[in-house]
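Participant: how does the following fold in three dimensions:
(chains A, B, C and D)
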There are 2 protein chains.
Amino acid sequence: MDEASFLASYNPRDYPSAAVTVDVVALTIREGTLCVLLVERGQAPHLGQNALPGGFVRDETLDEAALRELAEETGLTPGAEQDETLGRVHLEQLRTYGNPDRDPRMRIVSVAYLAFAPHLPEPVAGTDAARAFWVPVDEAKDLAFDHDQILADALERARDKLEYTPLATAFVATAFTIGELRQVYAAVWGEELHAGNFHRKVLSVPGFVESTGETAARGGERGGPKARLYRAGDARLLHPALLRPTREDRIR
Amino acid sequence: MDEASFLASYNPRDYPSAAVTVDVVALTIREGTLCVLLVERGQAPHLGQNALPGGFVRDETLDEAALRELAEETGLTPGAEQDETLGRVHLEQLRTYGNPDRDPRMRIVSVAYLAFAPHLPEPVAGTDAARAFWVPVDEAKDLAFDHDQILADALERARDKLEYTPLATAFVATAFTIGELRQVYAAVWGEELHAGNFHRKVLSVPGFVESTGETAARGGERGGPKARLYRAGDARLLHPALLRPTREDRIR
DNA sequence: TGAGATCTACTCGATGTGAGTACTACTCGA
DNA sequence: TCGAGTAGTACTCACATCGAGTAGATCTCA
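Facilitator: Coordinates of the predicted model:
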């Protein structure tokens, strides 16, 4: 049987199927705190409980589905490189969750995505996004389905990727100060960093940041000189990496 | 509507669905070369072409599906900690591939897994596994569907994980010499390592290996003293990591 | 028995690291 | 307007780790 006649005789109903969804862990930093985008579920199961935004995959790639869901929940439009769009959002696949009992309705296999963005606006009232809101990750608990686990995995991934990729630049504006970049690390890792050493390391990693030649319009909120401005460089991996302070419990 | 009545009225046909499969990239080292397990497809599409082993997910977790597929193709039984079983195989999810056009039959979303194992036997003739075979990764090309891409992603993941996890110990027997461990790194990274420095680093990383007190029964094939034997330690992360020689093209 | 390979333990200089000091420039409130 | 306090940047120092190389002992194979 050749492939054409095979395809003609092929019946998809002969094979087991499941619903495929994407769930998005969208992270941003608001007032120095790492926050995640949640929605309150408007329908059963888990009615009224908080959950990660997500939905069924349509006739599109998984990446497109994740970007679409994110756009719908934030009220921003995907695409162009402008403010008020998702153009600068970094999106990557996290992993897939498919335990048979993770959803009481039916077999649902969910592909989780991780999204990183600079300070995003509050979701706009009166839109589909009205039911979405930003919550500090420490307060995001008791989520629907297995979303607590997904969020935990997402945070672990984000903390790891900060070490060896320029991911932190996805959380700040196109021009930023070293201090702002340090606050991203502090917010995601949940610990303060030595300002002098951080400064030295960031500037010594080839391709991490490059100077704009400009200087911030004003000093820090509570004093200090005007800082120099930088933009993201062309490195995809940081070498040497910015390792977080080693904690024994992460190793064993 | 409460959850019970909701579930009773719920119709899975109302939602889009897709077939969900697992594909397994099983890696082992044979005669110093990193090899991947392939199967020749016995049916359309891509009849006669090589592919990664895989199949539809049944009423089981994704991890269970991957282990089952691997067991079927190798002829080994999952479970117990003995030789000739998959007990020591390291299995982890890689990522999920779901482009709408990746399979000409229908929408198929495939969750790819990565498996690492010590030298596994040739698949047994006369079993389901007879159509499977080991191929050096350099020679695994022109695979069916998007399996070339999946294999490439798998190799990248494996090379990265060797740096900061004790993954290499999954490729050797329970007792091994430092030289054997070094050959694992050499095979996966595709480059020779400085024996003295490797020795020093492995022994200096807490929890990577621990001495058995024994010594290898004989020296190397081509001479040299009997090496001391070690077993895997309890570390889950290597600190400091064993970084591969930096190549500029990996960074930019 | 000799040639050659390997295991293991060194040394050396170069580089990266955390902790701390110092100086300057700025903001804010008294 | 001035002083206190904060932040940006640039140092130093001791220490850890790195790649490269040397060296001696021990083993296999021809």
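
Participant: which secondary structure elements does the helix or strand containing residue A:155 contact?
Facilitator: Element membership for residue A:155 (DSSP states H and E) is helix A:147-164. Counting contacts by 3 or more Cβ pairs under 8 Å, 6 or more residues apart in numbering or on different chains; DSSP states H and E, helix A:147-164 packs against strand A:19-30, strand A:33-40, strand A:90-97, strand A:108-116, helix A:178-189. Placement of C-beta: from N, CA and C, glycine included.

Participant: so after the last one, what's the next helix or strand?
Facilitator: Right, helix A:178-189. Going down the chain from helix A:178-189, the next helix or strand is helix A:195-204, by DSSP H and E.

Participant: give me the neighbour count for the closest residue to DNA strand D within the stretch 1-150 of chain A.
Facilitator: Per Cβ to the nearest atom of the strand, residue A:32 is where the stretch 1-150 of chain A lies closest to DNA strand D, at 10.5 Å. As a burial measure, residue A:32 scores 9 neighbours (other Cβ atoms under 10 Å in any protein chain shown).

Participant: any idea how far chain B is from it?
Facilitator: Applying Cβ to the nearest Cβ, to the nearest Å, the value for residue A:32 to chain B is 28 Å.

Participant: and that residue, how close does it get to DNA strand C?
Facilitator: As judged by Cβ to the nearest atom of the strand, to the nearest Å, residue A:32 and DNA strand C stand 16 Å apart.

Participant: got it, and residue A:196?
Facilitator: Distance, residue A:196 to DNA strand C, by Cβ to the nearest atom of the strand: 3 Å.

Participant: same check, this time on residue A:189
Facilitator: As judged by Cβ to the nearest atom of the strand, residue A:189 and DNA strand C stand 12 Å apart.

Participant: could you list every residue that touches the closest residue in space to that residue that isn't next to it in sequence?
Facilitator: Once flanking residues are discounted, residue A:189 sits nearest to residue A:244: 5.3 Å by Cβ to Cβ, 6 or more residues apart in numbering or on different chains. The contact partners of residue A:244, taken as Cβ atoms under 8 Å, 6 or more residues apart in numbering or on different chains, are A:159, A:162-163, A:189, A:191.

Participant: returning to what we had before: right, and the residue of the stretch 1-150 of chain A closest to DNA strand D touches residue A:182 too?
Facilitator: No: using Cβ atoms under 8 Å, residue A:32 is not in contact with residue A:182; the gap is 11.0 Å.

Participant: ok, and the most crowded of the contacts of residue A:244?
Facilitator: Busiest of the contacts of residue A:244 [other Cβ under 10 Å] is residue A:162, holding 21 neighbours.

Participant: re earlier: find residues that contact each of residue A:32 and residue A:182.
Facilitator: In contact with both residue A:32 and residue A:182: no residue, using Cβ under 8 Å, 6+ apart.

Participant: tell me what residue A:114 is bridged to.
Facilitator: Counting by DSSP bridges, residue A:114 is bridged to residue A:25, residue A:92.

Participant: residue A:232 is in contact with residue A:207, correct?
Facilitator: No: here residue A:207 does not reach residue A:232: they are 9.1 Å apart, not a contact under Cβ under 8 Å.

Participant: overlap in contacts, these two.
Facilitator: Overlap of the contact sets of residue A:207 and residue A:232 (by Cβ under 8 Å, 6+ apart) consists of residue A:166.

Participant: list the contacts for the residue nearest to the spatial centre of chain A?
Facilitator: Centroid-nearest residue in chain A: residue A:115, 2.3 Å away (criterion: Cα atoms, centre = their mean). By Cβ under 8 Å, 6+ apart, residue A:115 lies in contact with A:24-27, A:66, A:70, A:89-91.

Participant: and the two most separated of those residues?
Facilitator: Largest separation among the contacts of residue A:115 by Cβ to Cβ: A:27 and A:66, giving 13.5 Å.

Participant: for these two, indicate the residue with more neighbours.
Facilitator: Taking other Cβ under 10 Å, residue A:27 and residue A:66 do not tie; residue A:66 has more neighbours (29 against 25).

Participant: ramachandran angles for the more buried one?
Facilitator: When read as degrees, to the nearest 10, the backbone of residue A:66 gives phi -60, psi -40.

Participant: how many neighbours does the nearest residue to it once chain neighbours are set aside have?
Facilitator: The shortest distance from residue A:66 to any non-neighbouring residue, by Cβ to Cβ, 6+ apart, is to residue A:113 (3.9 Å). By the criterion of other Cβ under 10 Å, residue A:113 has 26 neighbours.
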